[in-house]
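Q: got a predicted model here, sequence first, then my questions.
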Amino acid sequence: MERLPFLGCRSLKTSADTGLLLDESNLGEPVLVGHSLGGWIALRYAATRDRCRGLVCLDGPTALDYSAMGVQPDHPGFVPDPGDVATDLEALRCPALVTLCGGASPVEAEWMVPFRLDLRDHITRSLGSARVEWRPTGHVMVLSHPKQTAGLVTRFVRDEVS
């Protein structure tokens, strides 16, 4: 099966579209949960709006510096405008949980962990309202460990989101 890239996907536009959807839905102050690119978009939305009660990023964002990861335009996860993760994190005004996956195999971990360590260190040093949790899974933890992922989100909302 051929994997297609996110054609025309722009994180700023998608975050704005998320805002329009939430405004039209009259959901009040949502708790946003995003995986992978959805985590980047949820982070951007929460960083630029006051009406987010909580944020859960499931292995996305995955690095402070997206360009350092070497993701090329032909990669299915390529995003041409990933945003400034550090600035977005520092602008958060809601509790946040950022999960980082350590890889499902040693080969995967060798590539994944170094980028995530920088992100973890930044969050740990700079953000009192955000928590980082490592998961011993590959990037698709939502699919490979659905019950554990649902439990993680449920506990965060119950224990840390007022």
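A: Received it, and whenever you're ready, just let me know what you need.
Q: only C-alpha atoms from now on, for both contacts and neighbour counts.
A: OK.
Q: return the helix or strand in the chain with minimum mean pLDDT.
A: One helix or strand of the chain scores below all others by mean pLDDT, DSSP states H and E: helix 11-25, with a mean of 78.
Q: and the contacts of it?
A: W40, I41, A42, R44, Y45, V79, D81, P82, G83 (Cα atoms under 8 Å, 6 or more residues apart in numbering).
Q: how far away is the first one from S105?
A: Here the distance between W40 and S105 works out to 24 Å (Cα to Cα, to the nearest Å).
Q: pick out whichever of those two has more residues nearby.
A: W40 (26 against 11; other Cα atoms under 10 Å).
Q: for the closest residue to G54 other than its chain neighbours, give me its contacts.
A: In space, not counting the residues next to it along the chain, G54 is nearest to V31; the distance is 4.5 Å by Cα to Cα, 6 or more residues apart in numbering. Applying Cα under 8 Å, 6+ apart, one finds that V31 lies in contact with C52, R53, G54, L55, V56, V157.
Q: mind listing which of the residues you listed are in strands?
A: Secondary structure from DSSP state E places G54, L55, V56 of the contacts of V31 in strands.
Q: which residues of this protein score low on pLDDT?
A: The chain contains residues with pLDDT under 70 at 1-12, 76-77, 162.
Q: hmm, try it at 50
A: Applying pLDDT under 50 to the chain flags the ranges 1-7.
Q: for it, what's the longest helix?
A: helix 106-126 (DSSP state H).
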